[in-house]
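Asker: Sequence unavailable; structure follows:
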């Protein structure tokens, strides 16, 4: 009897060990195995939507908002909301006249020690010198031949790529709410802007008004309009109010589905008015102007760079003088 009890005890012990080790049937896949591809990790500070940027199938994530900068702390960040933008200011300072069509703006008050936030930048002003005089993001140059102060490496054909990639705001700087490491983000080239707006298949964009701000909704690849019914998709000549969304609808429905909103921000320009230099904030709410990394030297030998420009009646690639202050929206490549 004792012999049988010992055998029974050994059998029970063996069963317990097998159970504890979690043995599985030979034909069952091991949990966490390679049968199912892993979903890409969404970068910190990015919108969860994929956008194809070229014919080779390269894809990017867009940042959660337009780029902003605080000079006093040398801090870069993305706007808290996709519709956020700074605005304009009227005033006089050191024989320079500032004016715009809204009450306040840090885009004209910016200086090396200024504690406000700006979101309009001259081309290539990441804070990296690159052999040019105008490279600080807070710098607003006035005077003649100001364009020549934005020439990287002495050649107007150099863009914010390759040897001069550090002139790209997202390459050179850590974005505080976007991973907080340099080299994580970048600006689209002119060809990539065109591909996102004009060459992707399916539903690409529509005009809208989000929480009172006019702008363009960029729809991620494979957008399903049953997520939210949007009107006049892929129409460049529609009206902003064709799609009117409040903050709750945007943040709870469209943004989680990967939609990107580019608000109209206007631009900062400079003109010689004989007795003073006019820093003019052209904050027409019908214009969105976003820098690319791509330069252009035109036939008049005026140094400009490509921007993507959308307004009430169109959306197209255009050029802007490099000392103009335009918006910057960064992307991160999907690796």
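Answerer: On my side now, so go ahead. Computed from a predicted model, the values in this text were never measured in an experiment.

Asker: What's the separation between residue 186 and residue 288?
Answerer: Distance of residue 186 to residue 288, given as C-beta to C-beta, to the nearest Å: 20 Å. Bear in mind the C-beta positions are built from the backbone N, C-alpha and C, glycine included.

Asker: Comparing the two, which residue is more hemmed in?
Answerer: Neighbour totals were compared for residue 186 and residue 288, and residue 288 leads with 25 against 20 (other C-beta atoms under 10 Å).

Asker: Quick one: neighbours of the residue nearest to residue 328 when sequence neighbours are not counted, just the number.
Answerer: Take residue 328 and drop its neighbours on the chain: the residue closest to it by C-beta to C-beta, 6 or more residues apart in numbering is residue 67, 4.2 Å away. Residue 67 is flanked by 26 other residues according to other C-beta under 10 Å.

Asker: Next: the one 5 residues further on.
Answerer: The local packing count at residue 72 equals 12, with neighbours defined by other C-beta under 10 Å.

Asker: who touches residue 222 in this structure?
Answerer: residue 202 (C-beta atoms under 8 Å, 6 or more residues apart in numbering).

Asker: That one: what secondary structure?
Answerer: What DSSP: H, G, I helix; E, B strand; the rest coil gives for residue 222 is coil.

Asker: Quick check: it vs residue 185, distance?
Answerer: Between residue 222 and residue 185 the computed distance is 24 Å (C-beta to C-beta).

Asker: Could you pull out the helices in the stretch 51-200 of the chain for me?
Answerer: 169-172, 190-194 (DSSP state H, counting those that start in this stretch).

Asker: So, low pLDDT: which residues of the protein?
Answerer: 1-39, 87-105, 131, 144-145, 271-285, 299-301 (pLDDT under 70).

Asker: what do you get if the cut-off is 80, keeping everything else the same?
Answerer: Applying pLDDT under 80 to the chain flags residues 1-40, 87-106, 108-110, 130-131, 140-147, 270-286, 297-302.

Asker: For residue 333, which non-adjacent residue is spatially closest?
Answerer: That would be residue 60: by C-beta to C-beta, 6+ apart, it lies 5.6 Å from residue 333.

Asker: what sits against residue 251?
Answerer: residue 81.

Asker: Is it in a helix, a strand, or coil?
Answerer: Three-state call for residue 251 (three-state DSSP): helix.

Asker: so how far is residue 323 from it?
Answerer: Per C-beta to C-beta, residue 251 is found 36 Å from residue 323.

Asker: and after the helix or strand containing residue 295, which helix or strand comes next?
Answerer: Using DSSP states H and E, residue 295 sits in strand 288-297. With elements assigned by DSSP H and E, the helix or strand that comes after strand 288-297 is strand 303-311.

Asker: can you list the residues that contact that following strand?
Answerer: Strand 303-311 is contacted by residues 123-124, 147-148, 150-151, 156, 159, 188, 190, 193-194, 197, 207, 216, 236, 262, 264, 286-292, 294-298, 315-322, 326 when judged by C-beta under 8 Å, 6+ apart.

Asker: Show me what it pairs with in its sheet, parallel or antiparallel.
Answerer: Neighbouring strands of strand 303-311 in its sheet, by DSSP bridges, are strand 288-297 (antiparallel), strand 314-321 (antiparallel).

Asker: would TSV of these with distance to residue 166 be doable?
Answerer: Formatted as TSV, those follow (distance: least, C-beta to C-beta, whole Å):
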stretch	distance to residue 166
strand 288-297	12
strand 314-321	21
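
Asker: Of those, which stretch is the most buried?
Answerer: The highest mean neighbour count among these, using mean count of other C-beta atoms under 10 Å, belongs to strand 288-297: a mean of 22.

Asker: to the chain's geometric centre, what's the distance from it?
Answerer: The chain centre lies 14 Å from the centre of strand 288-297; the measure is C-alpha atoms, centre = their mean, to the nearest Å.

Asker: swap in stretch 212-232?
Answerer: Using C-alpha atoms, centre = their mean, the mean C-alpha position of stretch 212-232 is found 17 Å from that of the whole chain.

Asker: next one: stretch 241-248
Answerer: When C-alpha coordinates are averaged (C-alpha atoms, centre = their mean), stretch 241-248 and its chain have centres 21 Å apart.
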